[in-house]
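Chemist: generate a structure from the sequence data that follows.
(2 chains)
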Amino acid sequence: MERRKLFQGETWNYLCLEAELPSAGDFVAVHVGETPVIVTRDHDGEIYAFENRCSHRGSLLALEDRGNVKDFTCVYHAWTHNLQGDLVGIAFKDGIGGKGGMEKSFCMNSVGPRKLRVANVEGLIFGSFDEDVDDIEDYLGEEVLGRIRRVLQGRKVVVLGRFTQVLPNNWKLYVENTKDSYHASILHTFFTTFELNRLSQKGGIIVSPNGGCHVSYSEIDQAAEAEKAANNIYSEQKIRSQSDLELADKSLLGNFKEFDDDITLQILTVFPGFVLQQIQNSIAVRQVLPKGTDKMHLKWTYIGFEGDTAQQRRARHKLSNLIGPGGYVSMEDGCIGGFVRRGTEGASDTNAVLEMGGREIEGGDDRITEASIRGFWSEYRMRMGI
Amino acid sequence: MSTHVRHAEISALISAAQARYVREIDDGDCTAWPSFFVDDCFYTITSADNYAQNFEAGLVWLDSKDMLRDRILSLLEANVYERHSYRHLIGQPFVGEVDGDEVDSETAFMVARITREGPTDLFASGRYIDRYRVIAGEAKIVSRTVVLDSNRIDTLLGFPL
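Modeler: Predicted structure coming up:
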C-alpha cells in the first residue's frame, strides 16, 4: 500500500547528489522506497532515472552501487537498455536459422523498466514515479526551498563519506524523530552534560503547506552571547566551577563562519523520507528507506564543498562526530525507534499523544511543539487516502 | 640486534598491546582505552568502500588522545543507549618493515555484540590499519584506521572497536 500510494505515487523521493554523476555514462544504483532504481547521466548531459529491472524477466540491470557504463545489458539473457532506460537490444531477437526469436510484431517500446520524472534542486536529485506529481518547487514550498538554498548556496558538492545505518524499526518512526524538535534537548544529553548548550538560543519551526516537509532551526542570539562573554570574566577567575565534566579537547566543536546568518543548526525534511542536515559545519543528507515493516536503512552522505580549505575540511570531520550511528548527539536516535517499537507491541489499539504545542500544523518561533509530526501524519493520511 | 630479531620483538609487542586493548574494551570499562595511544594520535572508523575511495569522513574521527578520553567520558556519563557489550576476536598482526621506532601493522578482527535483551550477534568484521611506535618497551598506537568490511552498521556504534 505505501509502496504504491506513497513511494510510487505523487511524491518526490531523494535519489542522489548531482555530484555523484559528473560524467556521461556515470550511474548510481539507489532505492525509492524498496524499489531499486538506476540514476544516470546520458551523453546529452541530462540526468535520467528508471527502475533497476530488466524488461525481460526482471533481473537487476545494475549489479554495482555506482560506475560508468555504455549501456545496461542484463546478465541473464543480454537484453540491452540505453542510459535513459529504453530497451534497445534483444539477444537472438530474430532467432537462429529462421527458428525461435521474438514475434515480428513485438515492440521494444512496449516493455521496459518504469521511468521516473527527475528534478534537480541545488544539486539534490529527486525522482517521482508519477508524471502528474506537483513541480518540486510547489511540493517543497518557497520557505523550505529557500532553506535548502541557504545550506547549499549553489556551491559544488564534494562527497566526504557514505554510511548506512540499519535501524530496528518502521521507517515512519525515524521520520517522526527527525521532525520532533521537542525531544532534542531532552534525549541528547551530550550538550547539557558538558554544559555546551546555549540556553539563550533562539529558533523555530517551518512546516510546508501540505504538512509533509519541515525545517527546524536554532540560532545564536548575538546580544545574549555578548552578555555571556562579559560574565565569563568571572568564570575565568575560577571562582566556581560550572561542572565537574568538561571536554578535554574542545576542538571537536571548532566551527567556522559558513553562513551569513546566525543559524547553527538546521534540520530539513522532504516528504516522505529525505533529510538535509546542518549542525554547525557538519552537513549531510540522509535518506530513509523502508526494509519491510520493522526494519529500515538510513543512508548518510557526509558532504563538503569544493573550495573548502584543509582546515575547514578538518572541522567538518571533527563535527561529524556529533552525528551518525556513533554520534554524540544522534547515537540516541538510532536506538529510540527500536524502543518505541518494542514499547508499543501489544498496544496497537491505543494512540500516541501528539498535542505538544496544540493541535495545529503551524510553524512558529519555538521548538517545544509536535506541529511538524502532526504535519507529517496529515500529509501521510491524505496521500494514503485514510 | 639483527633486523629479523628486531621485527620479531616488535611483532610480539604489538600482539601483547592488542590483546590488552581488546580486553580493556570487552571486559574492562574502556577508561584505559586512550592509554594505548600516543598523545597526538589519530583514530577513525570507516568502511572498506569509503577507504578504497579515499573518503576521509569517519563514523568516529578523533585526532588527539584527549578526544579519545572525551569519547569514553561521553559514553559513560552523557549518552543514552541500550546496555551492550562487545567481544573482539583478533587475528595475528601483519607487521611491515620496521622504520626506526615506528612500524605499520594490519590486523583482522571480528566483533560480536551482546545487547540487553538480544542474542550474541556478529556486529562487525574488518581490519585495523595501524601505525605503532615503540616507546619504553611498549608498542603505542600512533594511528588506527578501523576499516569495516561492510558499509552497513547496525543501529548504534557505542564503544570503540
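
Chemist: only C-alpha atoms for contact and neighbour calcs from this point on.
Modeler: Fine.

Chemist: ok, the nearest residue to A:R53 once chain neighbours are set aside - contacts?
Modeler: Distances taken as CA to CA, 6 or more residues apart in numbering or on different chains put A:L60 closest to A:R53, at 4.8 Å, once the chain neighbours are dropped. Taking CA atoms under 8 Å, 6 or more residues apart in numbering or on different chains, we find A:L60 in contact with A:N52, A:R53, A:C54, A:C74.

Chemist: what's the pLDDT at A:F339?
Modeler: If you check A:F339, the pLDDT there is 86.

Chemist: tell me how many other residues surround it.
Modeler: For A:F339, the count of nearby residues is 13 (other CA atoms under 10 Å in any protein chain shown).

Chemist: for the stretch 201-350 of chain A, what lies in contact range of chain B?
Modeler: Those residues of the stretch 201-350 of chain A that sit near chain B, judged by CA under 8 Å from any CA of the partner chain, are A:247-249, A:252, A:302, A:317-318, A:320-321, A:324-329, A:331-332, A:334-335.

Chemist: buried ones in the helix ranked longest in chain B?
Modeler: Counting by DSSP state H, the longest helix found in chain B is helix B:3-26. Of the residues in helix B:3-26, those buried under the neighbour-count criterion (16 or more other CA atoms under 10 Å in any protein chain shown) are B:7, B:10-15, B:17-18, B:20-26.

Chemist: check which element follows it along the chain.
Modeler: The helix or strand immediately downstream of helix B:3-26 is strand B:37-47, counting by DSSP states H and E.

Chemist: residues in contact with the following helix or strand past that following strand: which ones?
Modeler: Next helix or strand after strand B:37-47 toward the C-terminus (DSSP H and E): helix B:48-52. For helix B:48-52, contacts defined as CA under 8 Å, 6+ apart pick out A:G161, A:R162, B:E56, B:V147, B:L148, B:D149, B:S150, B:N151.

Chemist: same thing but 7 Å
Modeler: A:G161, A:R162, B:V147, B:L148, B:D149, B:S150, B:N151 (CA atoms under 7 Å, 6 or more residues apart in numbering or on different chains).

Chemist: ditto for stretch A:95-107
Modeler: So stretch A:95-107 is contacted by A:F92, A:K93, A:D94 (CA under 7 Å, 6+ apart).

Chemist: ok, now stretch A:38-56?
Modeler: A:21, A:23-30, A:36-37, A:59-62, A:74, A:83-85, A:111-116, A:118.

Chemist: which ones among these map onto strands?
Modeler: A:D26, A:F27, A:V28, A:A29, A:V30, A:P36, A:V37, A:K115, A:L116, A:V118 (DSSP state E).

Chemist: the fourth one contacts A:L63, doesn't it?
Modeler: Yep, that's A:A29 we're talking about. No. Using CA atoms under 7 Å, A:A29 is not in contact with A:L63; the gap is 8.2 Å.

Chemist: who has more neighbours, these two?
Modeler: Set A:A29 next to A:L63 and count neighbours by other CA under 10 Å: A:A29 wins out with 23 against 13.

Chemist: please name the bridge partners of that one.
Modeler: A:I38 (DSSP bridges).

Chemist: what mean pLDDT does stretch B:6-14 have?
Modeler: Average pLDDT, stretch B:6-14: 95.

Chemist: and for stretch A:196-210?
Modeler: Stretch A:196-210 comes out at a mean pLDDT of 78.

Chemist: name the element A:V151 belongs to?
Modeler: Applying DSSP H and E, one finds A:V151 within helix A:142-152.

Chemist: on that earlier part again, and the residues of the stretch 201-350 of chain A next to chain B, which of them are buried?
Modeler: Looks like these have A:247-249, A:252, A:302, A:317-318, A:320-321, A:324-329, A:331-332, A:334-335 buried, using 16+ other CA under 10 Å.

Chemist: wait, what's in contact with A:T293?
Modeler: For A:T293, the contact set (CA under 7 Å, 6+ apart) comprises A:N170.

Chemist: look up phi and psi at it.
Modeler: Here is the backbone geometry of A:T293 (degrees, to the nearest 10): phi -90, psi -20.

Chemist: how close does it sit to chain B?
Modeler: Applying CA to the nearest CA, to the nearest Å, the value for A:T293 to chain B is 16 Å.

Chemist: A:T73 now?
Modeler: Taken as CA to the nearest CA, the span from A:T73 to chain B is 25 Å.

Chemist: how about the nearest residue to that residue once chain neighbours are set aside, what does it touch?
Modeler: Among residues not flanking A:T73 along the chain, A:T80 sits closest, at 4.2 Å (CA to CA, 6+ apart). A:T80 sits next to A:D71, A:F72, A:T73, A:C74, A:L87, A:V88, A:G89, A:I90 when contact means CA under 7 Å, 6+ apart.
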